[in-house]
Each structure stands twice: as C-alpha cells, then as structure tokens.
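Visitor: Could you work out the structure for the sequence below:
(one chain, ligands or ions: 1)
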Amino acid sequence: GHIDAESRYPKDLSGQPGVREKVADALEKGISPQEILWNGLISGMKIVGEKYEKNEIFVPEMLFSAKAMKSGLNQIRPMLVGDVSVRVGTVILGTVQGDMHDIGKNLVGMMLEGAGFEVIDLGINTPVSKFVESARKHPEAVIGMSALLTVTMKNMKTVIESLRSNGLENKVMIGGAPVTQSFADEIGAEGYSLNANQAVSLAKNLIS
Ligand code: B1M
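Guide: Numbering: from 1, shown residues only. From the prediction side, this is the model:
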C-alpha cells in the first residue's frame, strides 16, 4: 500500500534514545551481551529486512540501521570477545566480490576472535585473487566466506575453484542469509554454518 513520508519518518527523534543509549541501559540492567545481540540487535535487523522487502523502507534506512547496529556491536564487543591469549588457529575471512554486506561477517570474526582464532579480515567486495593470495600465505588457515545476495553467493564457487586450481588445500567454510548446507555441498565447501556461534564450532572442527 501507499506509505506517506510522515509514517516512514517519525516527526522528531531528537531526545529519543538511540541504539547506544538502549544498549547501555540494557547492560546496566544486567541483561547479558548475548541477549542484547540476539534479541535486540539481530532481531531488530530482521525487522529492517522485512520492512525493506515490503517497500516500507528503502536503502538509506537500511544503511542507517546498519550504522546503528555497528555502534551497538562495538559496545558489546569487549564483552563478547574477552581476553584471549591462546591462539587456536587462523581464519581468513571476507565478504565475496560484488557484496558490501559485512555485519554478519564481522560478527563471525568477533566470535572467532573470542574463541581464540586469529582472524585475517579481507573486508567486503573481496576479489577472488585476494582470497587466493592470502590462502597461499597461510596454508594452514581456514577460508571463511560470507555472502548476503543470491547474485554474489556464486562467487564462493569461483573462489573454491581458483584455490584448488592453484593447488591450495585450505578448508573452506561459508555462510550468510541465502547460503545453505546444500549449496555448500554443491560447490565443495567443507563447511556451512547458519550463524556466528555455529561458525566457531565449525572452524574448530575444520582446523583439527
Ligand atoms: Co541489503 N539486502 N542490499 N543492505 N540487506 C539484504 C541481504 C536483503 C535480503 C534485503 C531484503 O530484500 N529483504 C536483500 C537481498 C536479496 C537477495 O539477494 N536474496 C538485500 C538487497 C537487495 C540489497 C541491495 C541490492 C539493495 C539495493 O541497493 N537495491 C544492496 C546491495 C549492495 C551490495 O552488496 N552490492 C544492499 C545494500 C545494503 C546496505 C549497504 C544498505 C546494508 C548493509 C550494510 C553493511 O553490511 N555494512 C544492507 C542491509 C543492512 C541488509 C539487511 C537488512 C540486513 C543484513 C544484516 O546485516 N543482517 C538484509 C536483510 C536480511 O538479511 N534479511 C539485506 C544481520 C546479520 C547479523 O545477519 O548477515 O545474515 P547476517 O549474518 C548472520 C548469518 O547469515 C551468519 O552469521 C551471522 C550472524 O548469525 N553468517 C555467516 C554470515 N556470514 C557468515 C559466514 C560464515 C558463517 C556464518 O562463515 C564464514
């Protein structure tokens, strides 16, 4: 249906608590960082995706939401990551070529660091060659790829093909909203995980 500007943009948000205030308030009330992450930030982002799909909000609002979420994540990051002195392995992490979504990847990286992994973050829109180059430098590392778009998840296959044709045997794990176990099987990725917690146990399995 038709949505007028006024219902899309509430009149005046000044003085309203933002994500920073809400996260600080929740922490003060003794709500755990995990609860804030899954039931606050991630559930909130789910609603954003649904609203976008229904044309109730547009790309700029998705972008604002992403900024807000990143600010919240940074607030709870120290509590999620903790202080790790023992390195259990290395994961080379990147969002595939053509894809700019990085919140999920960053969260996976954060959880991996919390579990003692060294994370080499190649960032967003990562060219195939960059994955290959990094894999060559770190033959023991697990390669982790993230994709949020159905059009970019295909690039995961290209990376695996390129690794193998260059004689590189790094294990590969993949994830992201459109990615499934059957897609992982189809492209020959050694692992798939649904979320950041599962990504940690998967990475542990792949390095052992
Ligand atoms: Co975009 N976007 N977006 N977007 N965006 C989606 C993905 C979409 C589903 C929205 C929708 O239509 N409902 C849709 C994709 C449709 C499709 O292809 N099937 C979409 C679209 C269409 C687009 C654009 C094309 C819009 C446009 O410009 N017309 C455009 C594309 C830009 C590009 O990449 N080339 C675009 C742009 C953007 C923003 C830049 C505005 C922004 C991203 C900002 C940023 O990341 N810095 C954005 C956002 C925020 C979203 C939604 C709303 C939220 C994504 C997110 O951060 N979720 C998203 C809707 C949705 O996902 N339902 C949407 C929270 C995050 C914690 O979850 O990333 O799924 P997620 O990660 C999870 C798991 O998937 C998993 O663990 C994480 C934690 O549990 N996981 C892994 C992720 N990576 C993993 C890797 C692993 C293991 C697990 O191993 C290595």
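
Visitor: ok, the closest residue to Asn195 other than its chain neighbours - contacts?
Guide: Sequence neighbours aside, Gly175 is the residue nearest to Asn195 in space, at 7.7 Å (criterion: CB to CB, 6 or more residues apart in numbering). Just so you know, the C-beta spots here come from the backbone N, C-alpha and C atoms, and that holds for glycine as well. Counting by CB atoms under 8 Å, 6 or more residues apart in numbering, Gly175 makes contact with 104, 108, 144-146, 192-195, 199.

Visitor: just the buried members of these?
Guide: 104, 108, 144-146, 192-193, 199 (16 or more other CB atoms under 10 Å).

Visitor: ok, now how distant is Trp38 from Met45?
Guide: Going from Trp38 to Met45 by CB to CB, to the nearest Å gives 11 Å.

Visitor: the more surrounded of those two?
Guide: Set Trp38 next to Met45 and count neighbours by other CB atoms under 10 Å: Met45 wins out with 18 against 14.

Visitor: ok, now which ones touch the residue nearest in space to the middle of the chain?
Guide: Geometric centre of the chain, nearest residue: Gly104, 1.5 Å, by CA atoms, centre = their mean. With contact taken as CB under 8 Å, 6+ apart, Gly104 is in contact with 146, 148, 175-177, 196.

Visitor: So which of these sit within strands?
Guide: 146, 175 (DSSP state E).

Visitor: so where do the strands sit in this structure?
Guide: Ranges of strands within the chain are 89-96, 117-126, 142-146, 172-175, 191-192, based on DSSP E.

Visitor: show me the contacts for Gly116.
Guide: Gly116 neighbours (CB under 8 Å, 6+ apart): 84, 86-89.

Visitor: Mind putting the residues you listed into CSV with pLDDT and distance to the ligand?
Guide: What follows is those, written out as CSV (pLDDT from 0 to 100; distance: CB to the nearest ligand atom, whole Å):
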residue, pLDDT, distance to the ligand
Val84, 71, 19
Val86, 78, 22
Arg87, 82, 18
Val88, 91, 16
Gly89, 95, 14
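
Visitor: Now a PyMOL select for only the buried ones of the residues you listed.
Guide: Per 16+ other CB under 10 Å, the buried members of the contacts of Gly116 correspond to this PyMOL selection:
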select buried, resi 88+89
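
Visitor: got the contact list for stretch 67-74?
Guide: With CB under 8 Å, 6+ apart as the test, stretch 67-74 has contacts from 18-20, 22-23, 36-37, 40-41, 44-45, 103, 106-107, 110.
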